[in-house]
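[1] Give me the fold of what follows.
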Amino acid sequence: MHIRNVDLNLFVVFDAIYTEGGVGRACFRLNLTQPAVSHALGRLRAMFDDPLFVRSNHEMTPTPLARQIITTVRQALNGLETTLTHASRFDPARTPKRFVIGLRNNLEAPLVSALINRISTVAPLVEIATVRSERANLERELAAGTLDVAIDTLLPISAEVRRVQVLSEDIAVFARRDHPDLRKRLDAKTYLRLEHVCVTSRRSGLSFEDFQFQRLGLKRTVRLTCQNFATACHVVSRSNMLLTAAESVDSVLGDPDLLQCLPCPFPITPHVNYLYWHATAESDTTNQWLREQLRATAAQMEESRSGRKKRSSTRTRGVPMSASVPAE
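    Below is the predicted model of the structure:
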């Protein structure tokens, strides 16, 4: 078999079926009719003398051969796309482009707001979409291009996914502004006596904060576990419960003055975020531009936060109910 005798569009169909898990969804992704996609799959099966996909529980499950060749196919397709991109370099001022960013909800409000402010004038035709991606699917989505980049905590991912640290946040404790037990300060004894709200996407297992407490031999009383920080902030602003989280989460509350932000009375390590992208997008100028904007935005956020801490420390020295959290 020689490449000059092969229709390369067949591999685009192969990648779409593999990514979407079915012919119907591949049709929608490629904007092709079902007979056209089915015909292409038939040609692929004849070419490789292998079914490539078998139907199982309403999905097309890849065969061992399909799993063996998918990485090479994707690298080749991305290489061709990168070549075309270089031929017509991305111009943020003139090129319409939609970027999809995988992002956890605690960072969405502050990061996206700062990013839009940064690029709105220099990239007027660029659209930003943030989505929540399951961590188990992160590498698959980056490889498939359904995510351009993602920002998350440190994850066990293969070398095919590149990463760089972009934002480190101290862990703080949030309480309602007029909390009756926090008129002077938040000490360790009071912290453990009060009830807590925990935000986690896990159905079971320890949250980031509770894992840290377990290492210290501590256990707090969690009264409410929820999925997003907006809910947690609203509950805390209307109760005597506490929320322990990265210091940026108060940005999800409509009126941040409802909460006070206090230093955590225990040595909890900062929450470190990483920017992820796939190796096939390493030299893609469009993806490079997005990564540069995100890294610059994160650096600007850290610089701004550091400045606020210094001003607040000077202004409220000796007063424990500061609106900012001193660095660990």
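[2] Show me the helices in the chain, by range?
    With DSSP state H as the criterion, the chain has helices at 9-20, 23-30, 34-48, 64-87, 105-119, 138-144, 188-193, 208-215, 229-237, 285-315.
[3] low-confidence ranges in the stretch 51-200 of the chain?
    84-88 (pLDDT under 70).
[4] Would you map out the domains in this protein?
    As recorded under automatic domain parsing, the domains making up the chain are 3-87, 97-169+272-307, 171-269.
[5] Could you provide the ones you listed in JSON lines, with additional columns for mean neighbour count?
    C-betas here are computed from N, CA, C, even on glycine. Shown next, in JSON lines, are those (neighbours: other C-beta atoms under 10 Å):
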{"stretch": "domain 3-87", "mean neighbour count": "15"}
{"stretch": "domain 97-169+272-307", "mean neighbour count": "17"}
{"stretch": "domain 171-269", "mean neighbour count": "17"}
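[6] contacting residues around the nearest residue to residue 269 once chain neighbours are set aside?
    Excluding the flanking residues, the one nearest residue 269 by C-beta to C-beta, 6 or more residues apart in numbering is residue 212, at 6.5 Å. Applying C-beta atoms under 8 Å, 6 or more residues apart in numbering to residue 212 gives the contacts 171, 266, 268-269.
[7] Among the residues you listed, which ones are in strands?
    Per DSSP state E, strands hold the following members of the contacts of residue 212: residue 171.
[8] For the contacts of residue 212, which two are the farthest from each other?
    266 and 269 (10.5 Å; C-beta to C-beta).
[9] now the helices of the chain in a markdown table, with distance to residue 179?
    A markdown table is the format used below for these (distance: least, C-beta to C-beta, whole Å):
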| stretch | distance to residue 179 |
| --- | --- |
| helix 9-20 | 49 |
| helix 23-30 | 50 |
| helix 34-48 | 59 |
| helix 64-87 | 52 |
| helix 105-119 | 22 |
| helix 138-144 | 38 |
| helix 188-193 | 10 |
| helix 208-215 | 19 |
| helix 229-237 | 9 |
| helix 285-315 | 19 |
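[10] right, so of those helices, which gets closest to residue 98?
    Here helix 285-315 is closest among these (C-beta to C-beta), at 10.9 Å.
[11] and that closest one, average pLDDT?
    In this model, helix 285-315 has a mean pLDDT of 79.
[12] Okay, and the beta partners of residue 131?
    Counting by DSSP bridges, residue 131 is bridged to residue 102.
[13] ok, it - contacts?
    Shown in contact with residue 131 (C-beta under 8 Å, 6+ apart): 100-103, 147.
[14] mind listing what the residue most central in space within the chain touches?
    Nearest to the mean C-alpha position of the chain, by C-alpha atoms, centre = their mean, lies residue 103 at 2.6 Å. Applying C-beta under 8 Å, 6+ apart to residue 103 gives the contacts 111-112, 130-132, 150-151.
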